[in-house]
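In: coords below, sequence missing:
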């Protein structure tokens, strides 16, 4: 599939890496020229410097050919407008927007965005649970905050350091989607050996995050 991503920050960067590992074609649009150059050099993908709320920029990105359009900037208004333009002016069938204010989720969906996801509510969940998630962070949520995309850093004192993926007891319902080694994203295999410095990208329900933390980081680390 051809996927256009608006926003080259951490969410957009790692999302692109994961999609590329599945052989999708990815185009990134971002206002920051230096960031665009960095992404192009590291991921070897087309990157466009510009405002994705402008028709000419979306045209330059071949948005009309996109199967999916994803806006993950830090500005809700920009994400909404970009998705609306992609759908109404370029006929993109599937649009996904990052929502920084959870109250905007229903508004986004009412205004035509196919999926609006928010990571803000995750912070309150962590406070309520009073769990130390050092080394584990939520990149974003999907399906109206039902699922979390987690990034977990493997350290030398991690219980899974020097272990094979196939030997891990990952909870049912959690999906390991990518392993990042030396800034290279790869598909997880049972024979993949986890080492300090690696990061894993894994999808889980909110209630499974503590269990994942214990498995990958350790309950006392």
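Out: Now that the structure is in, tell me what you want to look at. Treat the numbers as computed from the prediction; the structure is a model and nothing was measured.
In: any weak-confidence spans in this protein?
Out: Along the chain, segments meeting pLDDT under 70 span 119-134, 144-145, 219-221.
In: Could you break it into its assigned domains?
Out: 2-118, 122-216 (automatic domain parsing).
In: if you compare those, which one is most tucked away?
Out: domain 2-118 (a mean of 19; mean count of other CB atoms under 10 Å). (Glycine included, C-beta is placed from N, CA and C.)
In: so which helix or strand takes in the residue nearest to residue 35 when sequence neighbours are not counted?
Out: Nearest residue to residue 35 in three dimensions, chain neighbours excluded: residue 8, at 4.9 Å (CB to CB, 6 or more residues apart in numbering). Assessed by DSSP states H and E, residue 8 sits outside every helix and strand.
In: didn't residue 8 look like it was pressed against residue 34?
Out: No. Using CB atoms under 8 Å, residue 8 makes no contact with residue 34, being 10.1 Å away.
In: what's in contact with the lengthiest helix in the chain?
Out: Taking DSSP state H as the criterion, the chain has its longest helix at helix 76-90. With CB atoms under 8 Å, 6 or more residues apart in numbering as the test, helix 76-90 has contacts from 4, 6-7, 52-53, 55, 58, 63-64, 66, 69, 71-73, 92-93, 95-101, 104, 108, 111-114.
In: Stretch 35-51 too?
Out: For stretch 35-51, contacts defined as CB under 8 Å, 6+ apart pick out 8-9, 13, 16-17, 20, 26-33, 57, 60-61, 183.
In: Out of those residues, list just those in helices.
Out: Of the contacts of stretch 35-51, the ones assigned to helices by DSSP H are 13, 16-17, 20, 33, 57, 60.
In: Quick one: distance of the longest helix of the chain to the chain centre.
Out: Relative to its parent chain, helix 76-90 has a centroid offset of 19 Å by CA atoms, centre = their mean, to the nearest Å.
In: Contact partners for residue 53?
Out: With CB under 8 Å, 6+ apart, residue 53 has these contacts: 78, 81-82, 85.
In: Before we go further, it is sitting in a strand, right?
Out: No. The assignment for residue 53 (DSSP: H, G, I helix; E, B strand; the rest coil) gives coil, which keeps it out of a strand.
In: Grab the nearest non-local neighbour of it.
Out: Per CB to CB, 6+ apart, closest to residue 53 is residue 81, 4.4 Å.
In: correct me, but residue 17 touches residue 181?
Out: No. Residue 17 is beyond contact range of residue 181, at 11.2 Å (criterion: CB under 8 Å).
In: Show me the strands in the protein, by range?
Out: 2-6, 25-30, 47-49, 68-71, 94-98, 115-117, 136-142, 147-153, 175-181, 184-186, 199-205 (DSSP state E).
In: Rebuild those strands as CSV, extending it with distance to residue 41.
Out: Shown next, in CSV, are these (distance: least, CB to CB, whole Å):
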stretch, distance to residue 41
strand 2-6, 17
strand 25-30, 12
strand 47-49, 9
strand 68-71, 22
strand 94-98, 24
strand 115-117, 28
strand 136-142, 22
strand 147-153, 22
strand 175-181, 17
strand 184-186, 14
strand 199-205, 20
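In: Would you tell me which of these gets closest to residue 165?
Out: strand 175-181 (7.0 Å; CB to CB).
In: Give the pairing partners of that closest one; include direction for each.
Out: Note on strand 175-181: by DSSP bridges, its sheet partners are strand 184-186 (antiparallel), strand 199-205 (antiparallel).
In: ok, residue 152 touching residue 135?
Out: Yes. Contact status for residue 152 versus residue 135: in contact at 6.5 Å, counting by CB under 8 Å.
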